[in-house]
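K.L.:
Just to be clear, the model below is a prediction. Sequence and coordinates:
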Amino acid sequence: MSRNDANSGAGGNFGSQSQPGAMKRSDMNQGDVLFDVKGLSKSFGDLQVLKSIDLTVRKGQVSVLMGPSGSGKTTVLRSLNSLESPDGGTITFTGGPSFDFSKSQKKPERALLRDQSAMVFQQHNLFPHRTVLENVTEGPIHVQKTPKAQAIAEAEALLARVGLADKRDVYPFQLSGGQQQRVGIVRALALKPDVLLFDEPTSALDPELVGDVLAVMKELADEGWTMVVVTHEVTFARAVADQVVFMDGGVVLEASTPSQMFSNPRHRRTRQFLDRILNPLGE
Ligand SMILES: Nc1ncnc2c1ncn2[C@@H]1O[C@H](COP(=O)(O)OP(=O)(O)OP(=O)(O)O)[C@@H](O)[C@H]1O
Ligand SMILES: [Mg+2]
């Protein structure tokens, strides 16, 4: 089944592949592998940001990436979304395309990789001079060549799901930060990707707006979307993640279930980092 077929029913839910609650989120090693990242590397000039990243993402599961500033979390997401070209390593989709970055990627290969995922940015990145509806339908109509009427109907259904049906014709500046970010999520969903990538989606929001965005993300997880989320929201990670991946120094230091990661991390470096975010005053 193609991704578009699998996700065609955007009216009744967020259009995910699986049924709500179809996957129990207790064992991070259960479920089919959607894609495997092996040995991903990337340098900017002399700075090797990704040394050798290994990451397994399973269908319908939520992977939370954590790690210190500069550890390469955004670079991993941008590499998955073809916004960055890694220098080496592979990304292999089970039963789908695979990418070997030791060879230079041509434009069609980069487009194919980009089409597997959709990204929600820290700052929503909406087009300021386009309405909410135009922002959401831009990719489906102009990139994916979805018929306009269908793209609009699907966008309206998704906007309704996040409580923004009445905002379809306003411009981003007329929305709160939380509403903008929910439009950013809808824009990603409208592309019907196999995996949703979130880069610190709540870190630029006022505290009272964070909950609305996390609630939408939790619903998406419950509906079976595959998600890779860079966030330091420990409550979210505990409640929603299947695996928590800790990155440091350009490698994945450890990946485990949230309960294991937060109660008994294996590495001293992980423990130090978690101590700091769980107890920022050091008391
Ligand atoms: N386009 C670029 N050119 C040069 N250096 C870059 C570029 N993008 C990222 N870097 C550097 O790569 C390193 C990793 O950046 P990245 O944004 O992936 O880290 P991060 O883990 O997401 O950090 P943060 O938690 O602060 O968002 C940083 O040292 C950053 O300065
Ligand atoms: Mg980042």
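P.N.:
Arrived safely, thanks for sending. Ligands and ions are numbered 1, 2, ... in the order given.

K.L.:
mind checking how far T131 is from ligand 1?
P.N.:
T131 sits at a distance of 30 Å from ligand 1 (criterion: CB to the nearest ligand atom, to the nearest Å). C-beta here means a position set from N, CA and C on the backbone, and glycine is covered the same way.

K.L.:
Spit out the contact partners of that residue.
P.N.:
Contacts here follow CB atoms under 8 Å, 6 or more residues apart in numbering; on that basis T131 touches 168-171.

K.L.:
Residues of this protein that sit close to ligand 1?
P.N.:
Within the chain, the positions near ligand 1 by CB under 6 Å from any ligand atom are 44, 49, 67, 69-75.

K.L.:
roughly how far out does stretch 35-51 sit from the chain middle?
P.N.:
The chain centroid and the centroid of stretch 35-51 are separated by 19 Å under CA atoms, centre = their mean, to the nearest Å.

K.L.:
Next one: D36 relative to Q243, how far apart?
P.N.:
For D36, the distance to Q243 equals 13 Å [CB to CB, to the nearest Å].

K.L.:
Tell me which of the two has more neighbours.
P.N.:
Relative neighbour count places Q243 above the other of D36 and Q243, with 25 against 16, counting by other CB atoms under 10 Å.

K.L.:
May I have the secondary structure class of V228?
P.N.:
Put simply, V228 is strand when judged by DSSP: H, G, I helix; E, B strand; the rest coil.

K.L.:
what residues are up against it?
P.N.:
57, 62-63, 65, 77, 80, 195-198.

K.L.:
for the most centrally placed residue in the chain, which residues make a bridge with it?
P.N.:
For the chain, the residue nearest the mean C-alpha position is L197 (1.5 Å; CA atoms, centre = their mean). Beta bridges link L197 to M119, V228, judged by DSSP bridges.

K.L.:
what sits against it?
P.N.:
Contacts of L197 (CB under 8 Å, 6+ apart): 77, 80-81, 117-120, 188, 227-229.

K.L.:
run the last query once more with 7 Å
P.N.:
77, 80-81, 117-120, 228 (CB atoms under 7 Å, 6 or more residues apart in numbering).

K.L.:
Among the residues you listed, which one lies nearest to M261?
P.N.:
For these, the minimum distance to M261 (CB to CB) is 15.6 Å, reached by V228.

K.L.:
Kind regards, and thank you for your time.
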